[in-house]
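Asks: here are the coordinates; sequence isn't available:
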DNA sequence: TTGAAAGCGCTAACAG
DNA sequence: CTGTTAGCGCTTTCAA
């Protein structure tokens, strides 16, 4: 493979020292206009590009930030990422992405990959499987910039950006109740996730506010957040036995999973159950039966999260006070 | 930020030279068992990790491969990526991903980013906007491993993995014709894309095989592949004026875009037009009206592409013969 | 079997 | 204003 031009090459060609060339390229004030022009022109002519690896090795910095999500075949995450990119690119940061497929092991692997490559900081939404947070804790302790969004850990100190999960849930349940539904079930994700618990709380509060009774048998958890067909199927079957007339669902994959399993039951009256669910799907309006969606301000979350991250990257001192930003959800009847 | 342990640290602690430590860590045969054990044990104890940046600088290799797609809020691409990851991880390669949003400029930026970071090779599906291929050409000429998939350039020599676009299209049109449809339109993407042309050809062949006449007015191109609502809206409006009874659509985004725009026309009888389209959506079965989908073997494509890439990475000689792998499509009525 | 030294490409402290 | 030198962390040739 063809070698690329280096500062040395320029220095040699121009009869200068590498340091002078380096300084000229970075527009240092201690270099004469004449030399600068000479170097810059030549660099342009041979299409010189600085080697970012050498730079990273030297500076322990890569002008890149990493995002780790569970699956990006998910409009929510891709909207978040769009938000992140918009701010990051404006600040001259590159964005690199990887996914965990809800595996705690791959999560750690991915973090380690970014960290060891001098990625300047990471935005992360936890995998459903994650329980051991010591690795992330140790990075935070080292002062490595890390911002959690969406699925955030409850037991870890760090910057966080989340939706107003409780209120979003209350609104959804409220809507179902106002439609005259009496037996509203709740299908949700992993018990170990903070947002799961928040949404369950919202669900309960919504019921209470509408004079409906809470029953444990109406709440079903899917530990992999709907990643596996069977776990959703099991939950749905159990719920159907309870003869529910509405359901509030706590996640994209779960929402579509629920609908698909319902469809498979051909003798089942699809309109019997009114569905409201967290989803940022771009095609939810094509679904039949129609559903109510709780939409997260994903783009906004991405922007907030990366701003927090960049701030942290640029600040010299280790921040001891961590922020939590809460963004609103929107109930959408269409 | 906390410094990490280096080979030097180990050497100092163990009273060895850095080179010995390095060799011991890489299990070189010229190191005694005793020393190896000593080093390995100590390295483990302090949790030593080799610095991949230093390695990359030295070896011009990163054990990473990059994927560039237009948008990954797209089940097709995420399935491809899953295929890529399955093979890559099995071969100890990390996978890094970025998206172009159909912008040729970002595409070049992303390629440059990967290339300059010593990413060992790139898998790419072209942006809709791409017309100038000289940058990629120059990389290929340098011997940089590059494999195209899905949206491949027609005018560039290189490894390619594509669907059997022509046959997939023929099958779709055939199905529509057999359902008694007479005026079958075609909604498709950017004219500059090879796959667009292949699909148009398949469309024509499908019509011909069924004794239907081809008419230019029934074919509409969207230069951004459905990324922008207006371009699709314009195309749909024009098609509706033609009083069509079926449409064959050449892409995920276009397919859902078409359906959404139809939905917006509330007075329009949704079942009047039978829709068949390329899509790998996981939720297409929830759509109403029902559509016929041409599904690409995305996971398979990813696997094939990355295998080609890894082969290229590992081979010393510049391969002068480039392969094109064609994977089948599947017509799915549900 | 081990060590010394050079070098990957870049920057920065120090010297002139 | 410019050059010399050392060093980021690692591997590898050459010498011992």
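Replies: Arrived safely. None of the values given here were measured: they were computed from a predicted structure. Residues are numbered from 1 along each chain as shown, chains lettered A, B, ... in the order given.
Asks: With adjacent residues omitted, what lies nearest to the residue at minimal distance from the centre of chain A?
Replies: By C-alpha atoms, centre = their mean, the mean C-alpha position of chain A lies nearest to residue A:125, the distance being 4.6 Å. Distance criterion C-beta to C-beta, 6 or more residues apart in numbering or on different chains; nearest residue to residue A:125, sequence neighbours excluded, is residue A:150 at 4.1 Å. C-beta here means a position set from N, CA and C on the backbone, and glycine is covered the same way.
Asks: ditto for residue A:165
Replies: residue A:198 (4.0 Å).
Asks: check contacts around the one you found.
Replies: A:165, A:166, A:169 (C-beta atoms under 8 Å, 6 or more residues apart in numbering or on different chains).
Asks: Could you give the backbone dihedrals for residue A:69?
Replies: In terms of degrees, to the nearest 10, the main-chain angles of residue A:69 are phi -130, psi 170.
Asks: ok, it to residue A:16 distance?
Replies: 47 Å (C-beta to C-beta, to the nearest Å).
Asks: likewise residue A:42?
Replies: 10 Å.
Asks: hmm, back to that, which one's more surrounded, residue A:69 and residue A:16?
Replies: Counting neighbours by other C-beta atoms under 10 Å in any protein chain shown for residue A:69 and for residue A:16 shows that residue A:69 has the greater number, 25 against 20.
Asks: who's in contact with the closest residue to the more buried one other than its chain neighbours?
Replies: Spatial nearest neighbour of residue A:69, chain neighbours left out: residue A:77 (4.4 Å); criterion: C-beta to C-beta, 6+ apart. Neighbour list for residue A:77: A:69, A:70, A:71, A:125, A:298 [criterion: C-beta under 8 Å, 6+ apart].
Asks: Backbone dihedrals for the second one, please?
Replies: Phi and psi for residue A:70, reported as degrees, to the nearest 10, are phi -70, psi -50.
Asks: What of the third one?
Replies: The phi and psi values for residue A:71, taken as degrees, to the nearest 10, are phi -150, psi 130.
Asks: near chain B, which residues of the stretch 1-150 of chain A show up?
Replies: A:1-2, A:49, A:51-54, A:56-57, A:60, A:71-75, A:78-79, A:81, A:94-99, A:112-113, A:116-118, A:142-144 (C-beta under 8 Å from any C-beta of the partner chain).
Asks: low-confidence ranges in chain A?
Replies: A:1-2, A:317-320 (pLDDT under 70).
Asks: just the helices in it please.
Replies: Secondary structure of chain A (DSSP state H): helices at A:7-14, A:18-25, A:33-45, A:52-59, A:75-90, A:104-116, A:134-142, A:165-178, A:194-209, A:229-241, A:252-264, A:298-314.
Asks: packing partners for the fourth one?
Replies: It stands for helix A:52-59. Packing contacts for helix A:52-59, counted by 3 or more C-beta pairs under 8 Å, 6 or more residues apart in numbering or on different chains; DSSP states H and E, involve helix B:52-59.
Asks: ok and the helix it packs on relative to helix A:52-59, angle-wise?
Replies: 130 degrees (axes from the mean of the first three to the mean of the last three C-alpha atoms, to 10 degrees).
Asks: Helix B:52-59 near DNA strand C at all?
Replies: Yes: Helix B:52-59 is in contact with DNA strand C by C-beta under 7 Å from any atom of the strand, via B:54, B:57, B:58.
Asks: Narrow those residues to just the buried residues.
Replies: residue B:57 (16 or more other C-beta atoms under 10 Å in any protein chain shown).
Asks: Buried residues in stretch A:45-64, which are they?
Replies: A:48, A:51, A:52, A:53, A:55, A:56, A:57, A:62, A:63, A:64.
Asks: phi, psi of residue A:273?
Replies: phi -110, psi 130.
Asks: residues contacting it?
Replies: Here residue A:273 is in contact with A:244, A:245, A:246, A:247, A:262 (criterion: C-beta under 8 Å, 6+ apart).
Asks: For residue A:169, which non-adjacent residue is spatially closest?
Replies: residue A:202 (2.6 Å).
Asks: Residue B:130 versus the one you found, what's the distance?
Replies: For residue A:202 relative to residue B:130 (C-beta to C-beta), the value is 46 Å.
Asks: Settle it for me: which of those two has more neighbours?
Replies: Shown here are residue A:202 and residue B:130; by other C-beta under 10 Å, residue A:202 has more neighbours (26 against 23).
Asks: Can you verify my assumption that the more buried one contacts residue A:167?
Replies: Yes: contact criterion C-beta atoms under 8 Å: residue A:202 and residue A:167 qualify, at 6.7 Å.
Asks: how about the residues of the stretch 51-200 of chain A that lie near DNA strand D?
Replies: A:54, A:57, A:58.
Asks: what's the burial count for the residue of the stretch 151-300 of chain A found nearest DNA strand D?
Replies: Taking C-beta to the nearest atom of the strand as the measure, the stretch 151-300 of chain A has residue A:158 as its residue closest to DNA strand D, at 25.1 Å. Neighbourhood size, residue A:158 [other C-beta under 10 Å]: 22.
Asks: mind checking how far residue A:259 is from residue A:64?
Replies: 38 Å.
Asks: again, but for residue A:196
Replies: Distance from residue A:196 to residue A:64, by C-beta to C-beta: 31 Å.
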